[in-house]
Structures are given as C-alpha cells and as structure tokens.
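S.K.: after the sequence you'll find the predicted model.
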Amino acid sequence: MDFNTTVLRKSAGYWVALCLENGLVGQGINQEAAIKQFNEAIASFLGVYKIEPNIYHPSLTID
C-alpha cells in the first residue's frame, strides 16, 4: 500500500499531518510531534492491513 500525498498544517493550535489518499492523521503540538503520530498511525494501520487486507477500501475516483 502506498502513502503518497501528505498535508502538514496548523489547525486550532495544533499541527496536523494528513494523508490525502487514505485519510490517516497525526496531530501534535509541533510539526515533529504531528509527524511522529502520523508515522505511528501508518505503522499501526499497516500492521492491521497485513492481517486483514480487506479492511481498507479506497475512495472512488471521479473521472
């Protein structure tokens, strides 16, 4: 599974890292903390995805 586009921005006093392809998110008080939480979310997701590959259904594309 590929994780491609990540947005990192400040929102309501916190930094948020968001993967546009799958919606995984990390949040922290600074950029480094948000990225760390984001990487942990990806690692956790991939751990589950290896066991249950049908757990994720990507969004539909609009042509």
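M.R.: Received it, and whenever you're ready, just let me know what you need. Residues are numbered from 1 along each chain as shown.
S.K.: A strand includes residue 17, no?
M.R.: Yes: according to DSSP: H, G, I helix; E, B strand; the rest coil, residue 17 belongs to a strand.
S.K.: what residues are bridge-paired with it?
M.R.: Residue 17 has these beta-bridge partners by DSSP bridges: residue 8, residue 26.
S.K.: give me every residue that touches it.
M.R.: 6-8, 25-27, 34-35, 37-38 (CB atoms under 8 Å, 6 or more residues apart in numbering). To be clear about C-beta, it is placed using only N, CA and C from the backbone, and glycine gets the same treatment.
S.K.: how about those, which pair is most distant?
M.R.: Spatially, the most separated pair among the contacts of residue 17 is 7 and 37, at 14.3 Å (CB to CB).
S.K.: quick one, phi/psi of the spatially most central residue of the chain?
M.R.: For the chain, the residue nearest the mean C-alpha position is residue 24 (2.4 Å; CA atoms, centre = their mean). In terms of degrees, to the nearest 10, the main-chain angles of residue 24 are phi -70, psi 140.
S.K.: wait, what's in contact with it?
M.R.: 3, 18, 38, 41-42, 45.
S.K.: I'd assumed residue 35 was in contact with residue 27.
M.R.: No: applying CB atoms under 8 Å, one finds residue 27 not in contact with residue 35, separated by 10.4 Å.
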